[in-house]
Structure formats: structure tokens, C-alpha cells
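Trainee: Sequence and predicted structure are below.
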Amino acid sequence: MKSPRSPHLLALLWLLAAAVIVPSPLLLRGPSTDLYLAVTARTADLPGVELVAEAGVIVLALLWVLAAWQARGAGLVAVATAVVGGAGAVLAYATSEVAKTIVQQPRGCWELIEIAHCPVAGDWSFPSNHTTIAFALGTAVVLTALATGRARSGVADALFGTTTALRFRRARRLPPHRVMVVAPVVLAVVTGAARVVQGVHFPHDVVAGATVGVCVVVAVVLTLRGPAAAGLGVLCRNEAVCRLVLAPGARAEGGVRRG
């Protein structure tokens, strides 16, 4: 029988994994710089390339809003996943900013190449903020979609453990939950790659940013999803608030169903 504290232990393991993985790409800065130079020699002058990452982050934010709206029809756990996942994305961004000020790695476009849209001096390179935000939002969307959809392959059990696995419901809502799982991953990868193609980040910056985004959001969801669901259940005792939190027909805690 699993301990009730197992989600907190899993969250700690995710954070420890991030603490080990994030500094590791710095050891590969040489090969990363070579790859950066090889890529940017062909891509840095492409028109509009600087807009790809911006658009990717915006679309991922919109997907999170859509996923949160869909979660209203699946119950409080799904809604709580969306809420704390969004909060985790904010925390991931803050973590990335702190890491930047500690590492203070210069950007390649300050020293190695010239591009039209290079960030100003003092806006450090490691890790990539755009990539952190993209992967954090993408992770929040995926976890919310899984909580809203229907389990097929045991992904939730593998991630969260059997006793804390997310319940999957209402898989037929548009867009299908499978699309809401795949699309954020693709967008996050494209966003991170675009920062290298543009010439503003090294590949190891992107790897570190992706790690921060994923690990922080998963850890926050594991830690706070349960308390958030309980808190939403209390708020749903007020009918007006419940109408905002849950869609008609969704079941709140304690068997209360919105009709």
C-alpha cells in the first residue's frame, strides 16, 4: 500500500532530477556551440524567424485556457490540475530567471554571430526563458488534458503512481484529448528549436529550459493538485462560484452534481 505522502516524494524526485539535469548541459557547451554555429550560419537571417517562438508561446497559453475550460466538465480534479499547472508555469519562469542571474552565460549573438534581433547585454542566455515557458505551459496542458480525457495506455499510472493516477473522462469533447496531448509537445519543441534557429540561444540553453519547465510543473501538480481540488470543493458550496468552476452536469466533491 502506497503512503499518502507518495505524491510529495515523487514531486521531490522530479525536482532533484531537474537539479541534476539542468547544470549538465553546461558540460557540453563546446559541442553545443559548434551545433549553434552550424545551424545559425544557415538560418539566422531567415525572415520572420524571430516570430516563431513568440507565436508558439502565445498558442500554448491559449491551449492552456482551452484545456482549463474543458476541465470544467470533468470535475474538480481536472480543474485543479489546470489551475496548479498554470501556477507551476509561472513558477518555472521565475526559476529560469533566477538561474539566468546565477549562471550569467553570454549569448552567442553577442560574441559569435550578428543577428538583427539579439537581446541586449545583461539578458543572459542560460537557460532559455521562451523554452521554459513553452514546455511549462505544454506540460500543464498535457496534464490537464489527461485529467479530462480517458486513460488508454496507463500514462497517468506511470507518472503519478497507481493510487494517485488521474481519472480520464469525456474523451469525445472537441478537440479530442489526444490532440491536446500531442499538439503542446510539438509546439514546445518547435518553440525551443526556433530560439536556436534564430541565433539567440545555444542548444544546451534549450535543453535546460525544457527540463525546468517540465519538472517544475509536474512537481507543482503532484504537490498541490489534491489540496487545490479540496479547496475548489469548498468554494463550490457557493452556487455562483460553482457555476464558474464546473460545467453543468460535472460532479463536485461529496457527490454534488451541477445540474
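Mentor: Happy to help now that I have it.

Trainee: okay, and for the stretch 1-150 of the chain, where does confidence drop off?
Mentor: Within the stretch 1-150 of the chain, the ranges that satisfy pLDDT under 70 run 1-5, 150.

Trainee: what about the helices in it?
Mentor: 6-21, 29-43, 49-71, 76-103, 108-111, 129-148 (DSSP state H, counting those that start in this stretch).

Trainee: Could you identify which of the ones you listed is most buried?
Mentor: For the helices of the stretch 1-150 of the chain, average neighbour numbers computed from mean count of other Cβ atoms under 10 Å are highest in helix 129-148, which has a mean of 29. Quick note: C-beta positions are derived from backbone N, CA and C, even for glycine.

Trainee: which helices and strands does that helix pack with?
Mentor: helix 49-71, helix 76-103, helix 177-198, helix 203-235 (3 or more Cβ pairs under 8 Å, 6 or more residues apart in numbering; DSSP states H and E).

Trainee: Could you check the ones you listed and tell me which one is nearest Leu16?
Mentor: Closest approach to Leu16 among the helices and strands packed on helix 129-148 (Cβ to Cβ): helix 203-235, 9.1 Å.

Trainee: What's the per-residue pLDDT of Val190 here?
Mentor: For Val190, the pLDDT comes out at 96.

Trainee: And the helices of the stretch 1-150 of the chain: which comes nearest Thr211?
Mentor: The closest of the helices of the stretch 1-150 of the chain to Thr211 is helix 6-21. By Cβ to Cβ, the value is 4.8 Å.

Trainee: For that closest one, output the C-alpha coordinates as PDB.
Mentor: What follows is helix 6-21, C-alpha atoms only, in PDB (Å, rounded to 0.1, in the frame of the first residue of the first chain):
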ATOM      1  CA  SER A   6       3.900   9.500  -2.200                       C
ATOM      2  CA  PRO A   7       2.900  12.400  -4.400                       C
ATOM      3  CA  HIS A   8       5.200  14.600  -2.400                       C
ATOM      4  CA  LEU A   9       8.000  12.100  -2.700                       C
ATOM      5  CA  LEU A  10       7.500  11.900  -6.400                       C
ATOM      6  CA  ALA A  11       7.500  15.700  -6.600                       C
ATOM      7  CA  LEU A  12      10.800  15.800  -4.800                       C
ATOM      8  CA  LEU A  13      12.300  13.300  -7.100                       C
ATOM      9  CA  TRP A  14      11.200  15.400 -10.100                       C
ATOM     10  CA  LEU A  15      12.900  18.400  -8.600                       C
ATOM     11  CA  LEU A  16      16.000  16.500  -7.800                       C
ATOM     12  CA  ALA A  17      16.100  15.300 -11.400                       C
ATOM     13  CA  ALA A  18      15.900  18.900 -12.600                       C
ATOM     14  CA  ALA A  19      18.700  19.900 -10.200                       C
ATOM     15  CA  VAL A  20      20.900  17.200 -11.700                       C
ATOM     16  CA  ILE A  21      19.900  17.600 -15.400                       C
END
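
Trainee: which helices and strands sit right next to it?
Mentor: By 3+ Cβ pairs under 8 Å, 6+ apart, helix 6-21 packs against helix 203-235.

Trainee: Show me what counts as buried in the helix it packs on.
Mentor: Going by neighbour count (16 or more other Cβ atoms under 10 Å), the buried part of helix 203-235 is 203-226, 228-229, 232-233.
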